[in-house]
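> task: produce atomic coordinates for the following.
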Amino acid sequence: MGIFTPAVTTICFWWGSIPLFRDDRVIMVCMLTGLLIGILLDLTLLRKHLLGLFDLGLIKLILLSLFYSAMIYGFFMGFPVFNSLVGIVGSYVLVKGGSLRNEDIKLIKSKVKIFVAVSSLSLLLLCIVTAWLALKERTICLQVKGMLGLPFDVTMGMIWALIIIGSAFLLAFQYLGSMYVMGRMLERYGSDGSGDED
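Numbers count the residues shown, from 1 in each chain. Just a heads-up that it's a prediction; the model follows:
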């Protein structure tokens, strides 16, 4: 929760300063100023909200997850592997929050399924964007061969297979991981005597 505000203020001050200044040092100062303002906001005005992750409703959690999906995608330069973790973490947060509020197990499952559906759609879109960017590269076959250190030439058919299989694997990993986390946590929730068992 604490990363959200500093990330937003840093980006706003950084990109907002580019049209105004040409000196890289000034732009860097603006970026650091944005970061400092975000941290100060966390420590003062927003401090009471930083521990409210498990109090977030489904819509707010979805919006937060989409923000972090964009951040993760940019941080890893268009490599969507780590975006598959967003759905798993979000599922944990939903089940944990629901258990703290003594919500019905059926309601928690319903929320998790909606969240995972949105996360899967987001991940699929990121995979499509990555594939589009990769296929635009004329030397993509040589790049993949060099990156993986392959002793044979890579064909476009192999690239397409890598895209399709890789995307399917990421989507399956996120879905199965989310369902596993939900199942394990709901078992614990039910064994504590909370909620209603199916």
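
> sketch out the low-pLDDT regions of the chain for me.
Residues of the chain meeting the criterion pLDDT under 70: 191-198.

> list the contacts of the residue most central in space within it.
By CA atoms, centre = their mean, the mean C-alpha position of the chain lies nearest to S69, the distance being 2.9 Å. By CB atoms under 8 Å, 6 or more residues apart in numbering, the contact set of S69 is N83, V86, S119, S122, L123, L126. C-beta coordinates here come from the backbone N, C-alpha and C atoms, glycine included.

> please convert these to CSV, extending it with distance to I27 and neighbour count.
Conversion of the contacts of S69 to CSV gives the following (distance: CB to CB, whole Å; neighbours: other CB atoms under 10 Å):
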residue, distance to I27, neighbour count
N83, 28, 24
V86, 30, 23
S119, 34, 27
S122, 30, 21
L123, 32, 23
L126, 28, 21
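
> pick the one among those closest to I59.
Ranked by distance to I59 (CB to CB), those are led by S119 at 13.7 Å.

> that closest one and V112, how far apart?
10 Å (CB to CB, to the nearest Å).

> name the residues contacting each of the two.
Residues touching both S119 and V112 (CB under 8 Å, 6+ apart): S178.

> for L107, which non-adjacent residue is closest in space?
Closest residue in space to L107, ignoring its immediate chain neighbours: G98 at 6.9 Å, by CB to CB, 6 or more residues apart in numbering.

> mind giving me the packing neighbours of the one helix or strand that neighbour maps to?
Assigned by DSSP states H and E, G98 falls within helix 84-100. Packed against helix 84-100, as judged by 3 or more CB pairs under 8 Å, 6 or more residues apart in numbering; DSSP states H and E, are the following elements: helix 58-75, helix 105-136, helix 156-191.

> before I go, just wanted to say thanks for your time.
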